[in-house]
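Colleague: Have a look at this prediction, sequence included:
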Amino acid sequence: MTVTIYHNPACGTSRNTLEMIRQSGEEPEVIEYLKMPPSRERLADLLARMGLRPRDILREKGTPYAELGLGDPALSDDALLDAMMAHPILINRPIVVTTKGVALCRPSEKVLSLLENPVATFTKEDGEQVNASAIRLKGEVVKPNAELVELLQAADLPVADLHEPGRIFMRFLDENGALAGYGGYEPLGNVVLLRSVVVPVPNRGAGLGGAIARRLMRHATEGGATEAYAFTSEPRSFLSAAGFRRIDRSAAHDAVKQTRQAIGLCGASASLWHTVLA
């Protein structure tokens, strides 16, 4: 198959994506887009094929985003494209093009769905394990049950409010039909609180937690959510793998501050994580 990656070698996510492609048996065309930026027409075509708008791939960190005032929601798509043409660093990376589709591969394992023979397992530069089978999880919405309660209690996660209204839970199976884990979220208008993500002990360390979190966020996005939050009382690598970043609890959306998890179930020492849903 033909594979092209718009790559920044200084970016860990981009490096991981490139290595996943190569370990999957493909040698891609590598375009270092800071040296050879795509034309305006090419970028517009890539956006159309991804079903995204310019703001969806606009990078903030390490760019002139703030000084150019690009956070202004009144700016048109054309204005944002103009900024990207003038400052290619504003284009988020890596964008991968294959015969199966086009995607902004953040997190990097998104590339696996674009490849014919994706590598079965992969270790990222930071040591995180990625399992290709996790990308093919099957999920269904379920009511809280004894299996979920047992898994949450074993992981020392809250169960007191499982049966209260306004919670959505999903059960996930791997490609062989075996239990991969559970997860849930609380819809709060246009934001959601991710919760109850738990993987059976034998399955941990294979990237399933991050895969479940991403599937939950996709489900929430289909319901109109634009932001997601999550509390944790310990470092949870799957949150960062799913695109979350740790923030101060005072920065939480008001609706999140009023949840049972925020008020008491998670404790004052629990850290808060946040991500914007594309």
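Modeller: Thanks, I have the structure now.
Colleague: Pass me the low-pLDDT residue ranges in the stretch 51-200 of the chain, would you?
Modeller: 133-135 (pLDDT under 70).
Colleague: Quick one: the strands in it, in order.
Modeller: Remark: strands assigned in the stretch 51-200 of the chain by DSSP state E, counting those that start in this stretch are 95-98, 101-104, 121-123, 129-131, 138-142, 168-173, 179-188, 191-198.
Colleague: quick check: angle from the last one to strand 168-173?
Modeller: In other words, strand 191-198. Comparing the axes of strand 191-198 and strand 168-173 via axes from the mean of the first three to the mean of the last three C-alpha atoms, to 10 degrees yields an angle of 40 degrees.
Colleague: Give me the contacts around the helix or strand just after strand 191-198.
Modeller: Scanning forward in sequence from strand 191-198 by DSSP states H and E, the next helix or strand is helix 208-222. Helix 208-222 is contacted from outside by 107, 109, 128, 131, 134-135, 137, 139, 168, 170, 172, 180-185, 187, 192, 194, 197, 199, 225, 228, 230, 236-239, 241-244, 275, 277-278, using C-beta atoms under 8 Å, 6 or more residues apart in numbering. Bear in mind the C-beta positions are built from the backbone N, C-alpha and C, glycine included.
Colleague: buried ones in helix 208-222?
Modeller: Within helix 208-222, the residues that count as buried by 16 or more other C-beta atoms under 10 Å are 208-217, 219-220.
Colleague: Run through the residues that contact the closest residue to Val3 other than its chain neighbours.
Modeller: Counting by C-beta to C-beta, 6 or more residues apart in numbering, Val3 lies nearest to Pro28, which is 3.9 Å off, once chain neighbours are set aside. Taking C-beta under 8 Å, 6+ apart as the criterion, Pro28 is in contact with 3-5, 18, 21-22, 96.
Colleague: Any of those buried? List them.
Modeller: Here, 16+ other C-beta under 10 Å leaves 3-5, 18, 21, 96 buried among those.
Colleague: nearest spatial neighbour of Thr121, skipping sequence neighbours?
Modeller: Spatially, and ignoring its direct neighbours in sequence, Thr121 is nearest to Asn131 (5.6 Å; C-beta to C-beta, 6+ apart).
Colleague: Wait, Met20 touches Leu112, no?
Modeller: Yes - using C-beta atoms under 8 Å, Met20 is in contact with Leu112, at 6.7 Å.
Colleague: Touching both of these two, which residues are there?
Modeller: Common neighbours of Met20 and Leu112 (C-beta under 8 Å, 6+ apart) are 118-119, 130.
Colleague: Next, the closest residue to Leu152 other than its chain neighbours: phi, psi?
Modeller: Closest residue to Leu152 apart from its sequence neighbours, by C-beta to C-beta, 6+ apart: Val159 at 5.0 Å. Main-chain torsions, Val159, degrees, to the nearest 10: phi -130, psi -10.
Colleague: so who does Val159 touch?
Modeller: Residues near Val159 by C-beta under 8 Å, 6+ apart: 149, 152-153.
Colleague: which of those has the most neighbours?
Modeller: Counting neighbours by other C-beta atoms under 10 Å, Leu152 leads those with 20 neighbours.
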